[in-house]
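Peer 1: show me the folded form of this:
(chains A and B)
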Protein chains: 2
Amino acid sequence: MKPVKVGICGLGTVGGGTFNVLSKNANDIARRAGREIIIAQVATRHPNPNVDTGDVAVTDNVMDVINNPEIDIVIELIGGYTIAKEVVLGAIANGKHVVTANKALIAVHGAEIFAAAEAKGVSVMYEAAVAGGIPIIKAIREGLAANRINWLAGIINGTGNFILTEMRDKGRDFADVLKEAQELGYAEADPTFDVEGIDAAHKLTILASIAYGIPLQFERCYTEGISKITQEDVEYADELGYRIKHLGISRRGENGIDLRVHPTMIPVARPIAKVDGVLNAVMVNGDAVGDTLYVGAGAGAGPTASAVVADVIDLARTMDAPATAAVNHLAFDTIEKTYVLPIEDVETAYYLRIQVQDKTGVLASVATILSERGINIEAIIQKEPKAEDDVAQIILLTHRIVERDMNAAILAIESLPSTVGEVTRIRVEQLD
Amino acid sequence: MKPVKVGICGLGTVGGGTFNVLSKNANDIARRAGREIIIAQVATRHPNPNVDTGDVAVTDNVMDVINNPEIDIVIELIGGYTIAKEVVLGAIANGKHVVTANKALIAVHGAEIFAAAEAKGVSVMYEAAVAGGIPIIKAIREGLAANRINWLAGIINGTGNFILTEMRDKGRDFADVLKEAQELGYAEADPTFDVEGIDAAHKLTILASIAYGIPLQFERCYTEGISKITQEDVEYADELGYRIKHLGISRRGENGIDLRVHPTMIPVARPIAKVDGVLNAVMVNGDAVGDTLYVGAGAGAGPTASAVVADVIDLARTMDAPATAAVNHLAFDTIEKTYVLPIEDVETAYYLRIQVQDKTGVLASVATILSERGINIEAIIQKEPKAEDDVAQIILLTHRIVERDMNAAILAIESLPSTVGEVTRIRVEQLD
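Peer 2: Sure thing, here's the model as predicted:
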C-alpha cells in the first residue's frame, strides 16, 4: 500500500516526542501498520533541541500543514483552545484525518469537532488526551465494548498524584511539594489546571462519554482540588487503612450519572492505591468483565507520543476502508442524553475531621446529629489535644449517604458550641 | 448495515457467558458495532442450565455451524486441540471469520491457523485466549503499536495466583490450598496445566509473539511450576521485601529473547505485587511508553465473554472492509525469526536458601564459591536452627547472573560437606 503522510503541528515536548518515535521506530511501525508512515511536514515557531528534523519540511505556519495536499493525517500537538481548534477544524474541512492529544479541546469542543468530522467522513483520534501512554480510550471504546460500564475511577493527573505521594511518603506540606513539582517541570507556573482538578475534569468528561455513550458535558463535572489536603488528614487516612488520591469518578446510577473530581480516600488494599508518583491509573467496572485496572505514565514526551502514534497506525489501517470500519468517536453510533447528577445528589461515604473543645458529651452530640439524618458511622478515632491550649479532634468514617444530607449534618455540627472552625470532609470510595 | 450472524460452538462456562452477554447487552452492542449482532446457531452436546437459548437454533453437531451459510463468524469455545482445531480450520475453509478463547490451540497451532486464514482473507481473533477479560492482546497489538517492546511479565494463571496468595496471607501449605482451589472450581481435577505453568506458557508464547513480531514457539518456552514453593520461602520473601508470584516473563536481549514461566520474587513496592487471588495482571515495557500495567479477571464466564464479544464487535466493523483494515494476526505483517535463549543463557537475579550444619566458616565457603563465579551478593539473612537437631539456613539475594553460572555455583554449594540437601533457588526480577 502507498505510504501515509502525516503533518505535525507543534514541536514542543509531545510534538518532538512524536517526531522521534515515528523516526526511530519507523521500521517496526511500518511492519505493524502494513505501510510506511512518513512525516511530510512539521509546523513550529521554535526549534526543539531534542529533534533533528533532517530533510523534513518545516514551516512556522500551521496553515501550511492543513493546506498541504500531500498530507493525509494532521497531528495537532499545539494545545489550548484557539489555534488548536482552527487547525483541527481546518484539517477536517480539507478532508484530512486528525490525531490530537488535546484533552481540553475534546472535552469542551468535541461535539462540534466530531460532527464536522462525521460530515466529512474523516476520523479524529485522541488516545493521548487521557492518561498519556495508557491505551485507556482503546480499552473502553473497543476492549470493553461488550460491557455495560457501571463505573470508572482514575488517577488522571500526574502532578496531583506526585504531590499527594510526596505528602504521604515524606510528611511534606502541599505548598512545599507543589514548589518542587514546579521546579521539576511536573507542574506549570500556574498550577490551577492540575491541582484544582480542571485537567482531570477534562479527561473524566471524555472517559464518561465513551463509557456510557453520552454527550461530552464538561460544564457539569464537579471539580474540587487538593490544595486543602493537610498532613493531618494524610496521616489519619493511613491510620484508618486508606490512601488519599485525587480521583476522577463517574458512576451510572438509576437517576443519572455522577461526574466528579475530588480528593478521595480509598482502601490501601486496592492495587490503584499503590499507584504513586506521577503515574496515572484508571479502574473500569463493566457488567461482564468486573473490575479492570490500567496503569502507566500519564504524561511526558515518550508516553504521549506512544498514544499519538498508535492512533496514526490505527488510521493507516482503516483510512482507505469505508467509514464504518472506524470506531465511533464517542464509542456509540447514537448518543443518549443522560442526566448528570448535581454533587448534592451524589451518594458517597465520608471521612470527617471535627475539631472540638475537649468536653464530655461532644461525641454524643455529633453522633446524634448524624443519626437523626440516617448517617451511620463506620469508624471513629478520637484524638486528645496535642498541647494544653490545643483542640481535640474527632475523626469519623461514615457509610454511604447523599451529599445533601451530609451537607446539612456538617452545618449542624459546625453550629455546635463545642465545634471549632470548619469540619474537614473527604469523600470515601471502596472501589469494589 | 445488515446484521452480523454468529454461531457459537460450545455452551459451557465461556460459551454460556458469551451467549448471555450477547443477549443481555444486545442493544448497547449494536450501538457500538454500528449493526446488530445475532446469534444464528449454537452447537452443544449438553444444555447449560444458566442459558435460555430461546428461539436460537441448537444443534449437537459443530459441523452444522461451520457449514451454515448464514453464519459470518464462528465462535469456537470448545477448548482442547482436536475438535476445536477442526472447527477453526473448517470455518476458515468456508470463508468465515473465527473468534476463539483457545490459548492452547493458538500457542501450538497458531501458525497453521493464521496462514489458512490469511489465504482465505478472513480473521481469527483471540483476545480471550490470554488474561480473560483484560484487553491485553489489543493493548499490545494496537495500543502500544508505536513501541519497540523491551519486555513483558504477567500473572497469567489465576489458579496459581490464588494458591500463592493463600499461602502468603494465611500461612497455608501448597497441597492444602490446591485442594481448596479444586473444591472451589478454580483448579481442574488434573491441576498440571495450571500449577506446572503449561497454561501460562501457552499465554506467554502468544504475548511474546505479538510483542516482538516473532513466530509462536511454545516448545521453546521454559516452564517451571509452583508445587515446590514452601511456606518458609514465602515468609523469607516477605522479610526481604518481596512477593513470590508465578510469572510468565519475556525479555528482548541482544542475543535473543527469553521466554520463561517460573516462580519469581518481585519487590512488594510494584503495583503488580499486590495483584492477589484469582486476578491476572500483565506488565508491558515499551521504549516510548515505559512501564504499563493491566489488571483484571483472568477467567470466568463474564470476563472471558467480555473479550470474546469485543472481538466480535471489532469484526463487525472491519469484516466488510478490505483485509488491510484488520490488524495482523501476530501484530506484524512480517514475522522475524528470533532466537529463543535456552534457560541456561538467561540472566536473572536469584534468591537462594541453603540449609547448613551450624558451623563457623560455612558462610565464608558459600561466599567464596559465589565470588569465584562473579556472582555478587545483594543481601544475606542467616537463620539459627529452630530446634537443637535442626539445620541452620543461609538466605541470599544475588545480583543478576547468567543461569549457567548460577547452576555451577549451586552444584558447588551442594557439594560442600556442611550443606544439607538441595539448595532452593527462586529467580528474582525487579521489573523496572
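Peer 1: quickly find the element holding residue A:107.
Peer 2: Using DSSP states H and E, the element containing residue A:107 is helix A:103-120.
Peer 1: touching that helix from outside, list them.
Peer 2: If you take Cβ atoms under 8 Å, 6 or more residues apart in numbering or on different chains as the criterion, helix A:103-120 is touched by A:76, A:79-81, A:84-85, A:88-89, A:92-93, A:95, A:98, A:100, A:123-124, A:126, A:129-130, A:199, A:201-203, A:205-206, A:209, A:215-216, A:218, A:329-330. Heads up, the C-betas are built off the backbone N, CA and C, glycines and all.
Peer 1: residue A:355: helix or strand, and which one exactly?
Peer 2: Under the criterion of DSSP H and E, residue A:355 resides in strand A:347-356.
Peer 1: for that strand, the distance to its chain's centre please.
Peer 2: Centre-to-centre, strand A:347-356 and its host chain are 25 Å apart (Cα atoms, centre = their mean, to the nearest Å).
Peer 1: check which helices and strands it is in contact with.
Peer 2: helix A:231-239, helix A:362-372, strand A:392-398, strand A:401-402, helix A:403-415, strand A:424-428 (3 or more Cβ pairs under 8 Å, 6 or more residues apart in numbering or on different chains; DSSP states H and E).
Peer 1: which one of the ones you listed lies nearest to residue A:282?
Peer 2: Distance to residue A:282, taken as Cβ to Cβ, is lowest for strand A:424-428 among the helices and strands packed on strand A:347-356, at 18.0 Å.
Peer 1: near chain B at all, stretch A:152-160?
Peer 2: No - judged by Cβ under 8 Å from any Cβ of the partner chain, stretch A:152-160 makes no contact with chain B; its nearest approach is 11.4 Å.
Peer 1: where along the stretch 1-150 of chain A do the helices fall?
Peer 2: A:13-24, A:26-33, A:62-66, A:83-93, A:103-120, A:136-138 (DSSP state H, counting those that start in this stretch).
Peer 1: most tightly packed of the ones you listed?
Peer 2: Mean neighbours per residue, mean count of other Cβ atoms under 10 Å in any protein chain shown, is largest over the helices of the stretch 1-150 of chain A for helix A:136-138, with a mean of 27.
Peer 1: ok, it near chain B or not?
Peer 2: Yes - looking at helix A:136-138 against chain B by Cβ under 8 Å from any Cβ, the contacts come from residue A:138.
Peer 1: what is the mean pLDDT for that helix?
Peer 2: Averaging pLDDT along helix A:136-138 gives 98.
Peer 1: give me the contact list for that helix.
Peer 2: Helix A:136-138 is contacted by residues A:126-127, A:129-130, A:154, A:206-207, A:210, A:282, A:294, A:310, B:135, B:138-139, B:142-143 when judged by Cβ under 8 Å, 6+ apart.
Peer 1: of the residues you listed, select the buried ones using a PyMOL command.
Peer 2: Selection of buried members from the contacts of helix A:136-138 for PyMOL, criterion 16 or more other Cβ atoms under 10 Å in any protein chain shown:
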select buried, (chain A and resi 126+127+129+130+154+206+207+210+282+294+310) or (chain B and resi 135+138+139+142+143)
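Peer 1: alpha carbons only: can I get the strand holding residue A:355 in PDB?
Peer 2: Presented in PDB, the C-alpha positions along strand A:347-356 are these (Å, rounded to 0.1, in the frame of the first residue of the first chain):
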ATOM      1  CA  GLU A 347     -24.000   9.300  47.200                       C
ATOM      2  CA  THR A 348     -20.700   8.500  48.800                       C
ATOM      3  CA  ALA A 349     -19.200   7.600  52.100                       C
ATOM      4  CA  TYR A 350     -17.300  10.300  54.100                       C
ATOM      5  CA  TYR A 351     -14.300  11.000  56.200                       C
ATOM      6  CA  LEU A 352     -15.000  13.900  58.600                       C
ATOM      7  CA  ARG A 353     -12.500  15.600  60.900                       C
ATOM      8  CA  ILE A 354     -14.100  17.800  63.500                       C
ATOM      9  CA  GLN A 355     -12.100  20.000  65.800                       C
ATOM     10  CA  VAL A 356     -13.700  20.300  69.200                       C
END
